[in-house]
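Colleague: Based on what follows, work out the 3D shape:
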Amino acid sequence: MTEWLLDGLSWLPLAGGLLFFAAGSIGLLRFPDVYSRLHALTKADTLGFGLVAAGLACRAGSLWEVAQLLLIWLLVLASGATACQLLARQAREEEGDG
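Modeller: Residues are numbered from 1 along each chain as shown. Just a heads-up that it's a prediction; the model follows:
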C-alpha cells in the first residue's frame, strides 16, 4: 500500500518538473534578449530538475540513491549558476564592444 502511494505521489513532482522544463525551453526560444533567456532557462530548468529529482527520490530503493540524487541536483545548481554567470558576462562584454 505504501509503495503504491509513493509511486502515485511521485508523479506530481515529475509532471511539475516536466512543465518547468517546457516553460524554460519556450522562454529560451521566445524571450527577446540574452539576459531574459538565460534567466528563464536557468531558473526553470533548475527548479524542473529539482522536482524531477524529488519525484525520483520517492521511487528510490534506498537512502543512498536519494543522497546521490541530492548530490546531482546540487551539482546542477552550481554548474547552472556558473554557466549563466559566464554567458551573461560574455554577452555584456560583446555589448560594450559594439
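Colleague: Show residues contacting stretch 84-94.
Modeller: By Cβ atoms under 8 Å, 6 or more residues apart in numbering, the surrounding residues in contact with stretch 84-94 are 34, 35, 38, 41, 42. Yep, even glycine has a C-beta here, placed from its N, CA and C like the rest.
Colleague: Relative to residue 60, how far out is the last one?
Modeller: For residue 42, the distance to residue 60 (Cβ to Cβ, to the nearest Å) stands at 26 Å.
Colleague: Which one's more surrounded, these two?
Modeller: residue 42 (20 against 16; other Cβ atoms under 10 Å).
Colleague: If we ignore the residues flanking it in sequence, what's nearest residue 21?
Modeller: Sequence neighbours aside, residue 48 is the residue nearest to residue 21 in space, at 4.2 Å (criterion: Cβ to Cβ, 6 or more residues apart in numbering).
Colleague: all helices of the chain, in order?
Modeller: For the chain, the helices defined by DSSP state H occupy 2-30, 34-59, 63-97.
Colleague: in the longest one, what counts as buried?
Modeller: Using 16 or more other Cβ atoms under 10 Å as the test for burial, helix 63-97 gives 66, 69, 73, 80, 84, 87.
Colleague: for the fourth one, what are its contacts?
Modeller: Applying Cβ under 8 Å, 6+ apart to residue 80 gives the contacts 42, 45, 46.
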